[in-house]
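Undergrad: Just a sequence and a predicted model for now, questions to come.
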Amino acid sequence: MPTGEVDSAGLLLIISGPSGVGKTTITRAVERAIKGSVFSVSVTTRPKTVADVEGVDYRFISGDEFDRMIEQDELLEHADVFGKKYGTPRAWVEEHLGEGRLVILEIDVEGANQVKSKRPDAFAIFIEPPSEDVLLDRLRARNREDEDSIQRRFAEAKREIAEAKSGGFYDAFIVNNNLERAIEETLGLIHERRLG
Ligand code: 5GP
């Protein structure tokens, strides 16, 4: 089936990668390119920033509400990232997979591990920077944080890449040397997977 159509079985797509690697741009490009695909809006306890749109980027909820969702088994996966909680609402994902859609999760390595152990048929892609130096440059170029926070993110990114590589639960790794090419490669892999 050509990419761009809804297939009867649906496909759960996981996209992960360290901060600054361009994964949000790639994820949103996949969503635009594949007709009928949907982006899973996570819940998080992190504060909303000016760049975030409630209900589009995240649903911003309290720690109590997050704990209630875990207790009632409403989350497909959840993880702590930089001291804040993030999770994927299960019912929404299942409903859209049931409609045969490509459902996109942009989640961290820990979350990807949880989803793959529950649903081995999920397709997990990890986006890598071309090198550590390039990643550090990109984190600095975002101009969002002070040098301490940048160094913290950089250390966390290196840890995440090592964990992704050794974990064995990613189906593919894409090096983001060039954004257009990384998007094309991602779309190609999804296409192949849907044909297979
Ligand atoms: P940010 O706060 O910068 O938007 O995201 C921080 C990290 O949390 C990113 O690596 C992002 O992929 C991850 N993340 C976002 N939503 C979820 C989620 O629902 N579950 C998990 N496990 N990680 C998430």
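TA: On my side now, so go ahead.
Undergrad: From now on I want contacts and neighbour counts done on CA atoms only, so please keep to that.
TA: OK.
Undergrad: burial measure for the residue nearest to Y170 when sequence neighbours are not counted, as a count.
TA: If the residues on either side of it in the chain are set aside, Y170 comes closest to A124, at 4.9 Å by C-alpha to C-alpha, 6 or more residues apart in numbering. Per other C-alpha atoms under 10 Å, the neighbour tally for A124 reads 25.
Undergrad: element containing A124, please.
TA: A124 belongs to strand 123-128 when assigned by DSSP states H and E.
Undergrad: contacting residues around stretch 171-189?
TA: Contact partners of stretch 171-189, identified using C-alpha atoms under 8 Å, 6 or more residues apart in numbering, comprise 3, 21-22, 26, 29-30, 123-130.
Undergrad: mind listing the strands for the protein?
TA: Taking DSSP state E, the strands of the chain run over residues 11-16, 38-39, 42-44, 58-60, 75-81, 84-89, 102-106, 123-128, 172-175.
Undergrad: near the ligand, which residues of the chain show up?
TA: Residues of the chain lying close to the ligand (C-alpha under 6 Å from any ligand atom) are 16, 18, 42, 78-79, 81, 86-88, 106-108, 110-111.
Undergrad: Which pair of those residues spans the longest distance?
TA: Farthest-apart pair in those is P18 and T88; separation 18.3 Å (C-alpha to C-alpha).
Undergrad: List the contacts of R90.
TA: 74-77.
Undergrad: let's see 7 Å
TA: Counting by C-alpha atoms under 7 Å, 6 or more residues apart in numbering, R90 touches 74-76.
Undergrad: Could you dump those into JSON lines with distance to K165 and neighbour count added?
TA: Below are those laid out as JSON lines (distance: C-alpha to C-alpha, whole Å; neighbours: other C-alpha atoms under 10 Å):
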{"residue": "E74", "distance to K165": "29", "neighbour count": "16"}
{"residue": "L75", "distance to K165": "25", "neighbour count": "20"}
{"residue": "L76", "distance to K165": "23", "neighbour count": "19"}
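Undergrad: Could you tell me the angle between the longest helix anywhere in the chain and strand 11-16?
TA: The longest helix of the chain (DSSP state H) is helix 147-167. Using axes from the mean of the first three to the mean of the last three C-alpha atoms, to 10 degrees, the interaxial angle of helix 147-167 with respect to strand 11-16 works out to 130 degrees.
Undergrad: Can you list the buried residues in helix 147-167?
TA: 150, 153-154, 156-157, 160-161, 164 (16 or more other C-alpha atoms under 10 Å).
Undergrad: Next, format these as a markdown table and append pLDDT.
TA: Output for the buried residues of helix 147-167, formatted as a markdown table (pLDDT from 0 to 100):
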| residue | pLDDT |
| --- | --- |
| I150 | 93 |
| R153 | 89 |
| F154 | 94 |
| E156 | 92 |
| A157 | 94 |
| E160 | 96 |
| I161 | 97 |
| A164 | 98 |
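Undergrad: between the residues you listed, which is nearest H96?
TA: Nearest to H96 among the buried residues of helix 147-167, counting by C-alpha to C-alpha, is A164 at 26.8 Å.
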